[in-house]
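K.L.:
How does the following fold in three dimensions:
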Amino acid sequence: MDPSLILVALGAIVLMAYLLDFVGRRLRVPAVVLLIFSGLALSALDDFTGVKLDLPHELLPVLGTVGLILIVLEGALDISLTREHIGLVGRTALVALLGILCTGGLIAVFLMAVFKLPTFQSMLLAAPLAIISSAVAIPAASALAPNQRVFVVYESSLSDILGVIIFYALLSYNGNVGELLVSQIGEVTLSVVVGLLMALAVFWLMPRIDHHVRVLPLIFGIVLLYGVGKMMHLAPLVMVLLVGLLLNNGFLIERLTRGRMKAAASFATDLEGFKHLTAEFTFVVRSFFFVLLGFSTKLANLANPMAWGIAAVIMVCCILPRLPLLRWVAGERSRALVFFAPRGLITVLLFMSLPEEYRLPDAPPATVMLVILMWAMLLTYGSVRFNDSSRKEAAPAGSPPTLP
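P.N.:
Predicted structure coming up:
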């Protein structure tokens, strides 16, 4: 293909994503929804013109993985840990874990009953569909009140982390629960140690780099950490989450090192620059991923009645346990949070990594995409329906709402 055409396409996608972000905020529609539909429109245009643009097979998984790293990092950099919010962390972790187990269990039962699949294969196929996508949920949560927004950031990030751990544990140990638990305890513990060391390194380096290129090497160092952790079969998202949390809560590093490491005078300014570039980099990667996700979907496949039927049952399995978990486990009474559990980037990535022998040959190819689109529509409804009322539930009069 002509390199000039590629450059035009790259520039057009970024500028279009920037415009859609403005439009989405005005219409109170999550920008991710508009990006997916833009990709679908480009796919239809590609079919109509007969250009037939072929994307490299590895492009979407790589973009998705980098986007996942940056989104978890960006979310962690927005969270300030205080003693009074330790309970919130515990509740969101429990809701995320039980949500994966309950939703995954219902979907697995459905797959076993309808497609006569073995239990292990059904669990493996159900796991990606049970995970909330932080790539979709976190940007859309800006419509919510501050306390609800933080809940979504914690829940979706922890759902990504726990879901990936469960999925790869199942894949690695073929359903052997005893071996799986022993191995995961060791892997998560080692991941925590490595994440702490990386956070200490970034904390020390950030104010000491005097080169004009300062932030990008640190971001790509975190990407490198994720890749090495993945190759070593650790829990790399745990590392990324720890790096972001500790950087945004420098007092924890001072306590961990017993005062041996203290924030430099310029650390706050350096951290703001780090957050700013991370947010911009995340925006670009996420935009490309969701546009290309829509582009790689054939519109003809979306018209398959069987795909709609399977996707509808999966949606029911996702929604049924959510309201009881929010009310009885998390103690959250807001109906808005029911709609902020979308599927997206992580679901696509995990399905792409499934070995061929575990895939479901009888399922229509657009089933997963329909689940993502259905959740996107629910998320849009939640963003529009609860936007104004959510903001009225913010902090008491006289005190500006801030993230805890």
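
K.L.:
Just the pLDDT at the residue nearest to I107 when sequence neighbours are not counted, thanks.
P.N.:
Distance criterion Cβ to Cβ, 6 or more residues apart in numbering; nearest residue to I107, sequence neighbours excluded, is A126 at 3.8 Å. C-beta: built from backbone N, CA, C; applies to glycine. Per-residue confidence for A126 comes out at a pLDDT of 95.

K.L.:
give the contact list for the residue most central in space within the chain.
P.N.:
A centroid search over the chain (Cα atoms, centre = their mean) returns S134, at 2.7 Å, as the residue closest to the centre. By Cβ atoms under 8 Å, 6 or more residues apart in numbering, the contact set of S134 is 68, 71-72, 75, 153, 156-157, 159-160, 346.

K.L.:
Among those residues, which one sits closest to M198?
P.N.:
Distance to M198 across the contacts of S134 (Cβ to Cβ) is lowest for V72, with 13.7 Å.

K.L.:
Identify all contacting residues around the helix or strand hosting the closest one.
P.N.:
Assessed by DSSP states H and E, V72 sits inside helix 59-76. For helix 59-76, the external contacting residues (Cβ under 8 Å, 6+ apart) are 134-135, 138, 153, 156-157, 160-161, 219, 222-223, 226, 237, 240-245, 248, 275, 278-279, 281-282, 285-286, 288-289, 292-293, 296, 345-346, 348-349, 352-353.

K.L.:
Check stretch 323-342 too.
P.N.:
For stretch 323-342, using Cβ under 8 Å, 6+ apart, the contacting residues are 91-92, 94-95, 98-99, 102, 132-133, 136-137, 140-141, 144, 148, 151-152, 155-156, 318-319, 322, 372, 375-376, 378-379, 381-383, 385-386, 389-390, 393.

K.L.:
Just the buried subset of those, please.
P.N.:
Judged by neighbour count, with 16 or more other Cβ atoms under 10 Å as the criterion, the buried members of the contacts of stretch 323-342 are 91-92, 95, 98-99, 102, 132-133, 136-137, 140-141, 144, 148, 151-152, 155-156, 318, 322, 372, 375-376, 378-379, 382-383, 386, 390.

K.L.:
T103: neighbour count?
P.N.:
Using other Cβ atoms under 10 Å, T103 is surrounded by 25 other residues.

K.L.:
And for L373?
P.N.:
20.

K.L.:
got it, and K275?
P.N.:
Other residues near K275 come to 18 when the count uses other Cβ under 10 Å.

K.L.:
where does it land on pLDDT?
P.N.:
We have a pLDDT of 88 for K275.

K.L.:
Equivalent analysis for L181, please.
P.N.:
According to the model, L181 scores 62 on pLDDT.

K.L.:
so where's this structure shaky on pLDDT?
P.N.:
Counting by pLDDT under 70, the ranges of the chain that qualify are 1-2, 50-55, 84, 173-184, 333, 388-404.

K.L.:
List the residues that contact the residue nearest to I107.
P.N.:
For A126, the residues meeting the contact criterion (Cβ under 8 Å, 6+ apart) are 103-105, 107-108, 111.

K.L.:
which stretches of this protein form strands?
P.N.:
If you assign secondary structure with DSSP state E, the chain ends up with no strands.

K.L.:
Report the buried residues of stretch 103-120.
P.N.:
For stretch 103-120, the buried set under the neighbour-count rule, 16+ other Cβ under 10 Å, comprises 103-108, 110-112, 117.

K.L.:
circling back to that earlier point, not counting its neighbours along the chain, what's nearest the residue nearest to the centre of the chain?
P.N.:
Closest residue to S134 in three dimensions, ignoring its sequence neighbours and counting by Cβ to Cβ, 6+ apart: S156, at 3.8 Å.

K.L.:
Help me confirm that the one you found comes into contact with A140.
P.N.:
No - with contact defined as Cβ atoms under 8 Å, S156 and A140 do not form a contacting pair (9.8 Å).

K.L.:
so what's V291 up against?
P.N.:
The contact partners of V291, taken as Cβ under 8 Å, 6+ apart, are 13, 16-17, 35-36, 38-39, 42.

K.L.:
Just give the closest residue to L35, not the sequence neighbours.
P.N.:
Closest to L35 by Cβ to Cβ, 6+ apart is F290, at 3.9 Å.

K.L.:
Quick one: residues contacting that neighbour.
P.N.:
Contacts here follow Cβ under 8 Å, 6+ apart; on that basis F290 touches 32, 35-36, 39, 344-345.

K.L.:
Identify those among these that sit within helices.
P.N.:
32, 35-36, 39, 345 (DSSP state H).

K.L.:
what's the most distant pair in the residues you listed?
P.N.:
When the ones in helices among the contacts of F290 are compared pair by pair using Cβ to Cβ, the two farthest from each other are G39 and L345, 13.3 Å apart.

K.L.:
follow-up on the earlier one: can you lay out the contacts of S134 as TSV showing distance to P305?
P.N.:
Shown next, in TSV, are these (distance: Cβ to Cβ, whole Å):
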residue	distance to P305
L68	32
I71	34
V72	37
G75	38
V153	37
S156	31
S157	36
S159	30
D160	32
I346	27
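
K.L.:
sorry, back to before: most neighbours, which of the contacts of V291?
P.N.:
In terms of neighbours by other Cβ under 10 Å, these top out with L35 at 26 neighbours.

K.L.:
give the contact list for that one.
P.N.:
Listed by Cβ under 8 Å, 6+ apart, the contact partners of L35 are 17, 20, 286-287, 290-291, 294.

K.L.:
Now, those residues that are in helices?
P.N.:
In helices, defined here by DSSP H, the members of these are 17, 20, 286-287, 290-291, 294.

K.L.:
Could you dump those into JSON lines and include distance to L326?
P.N.:
Converted to JSON lines, these look like this (distance: Cβ to Cβ, whole Å):
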{"residue": "A17", "distance to L326": "31"}
{"residue": "L20", "distance to L326": "30"}
{"residue": "R286", "distance to L326": "26"}
{"residue": "S287", "distance to L326": "30"}
{"residue": "F290", "distance to L326": "26"}
{"residue": "V291", "distance to L326": "32"}
{"residue": "G294", "distance to L326": "30"}
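
K.L.:
Find the pair from these with maximum spatial separation.
P.N.:
Taking Cβ to Cβ, the two most distant members of the ones in helices among the contacts of L35 are R286 and G294; they sit 12.9 Å apart.
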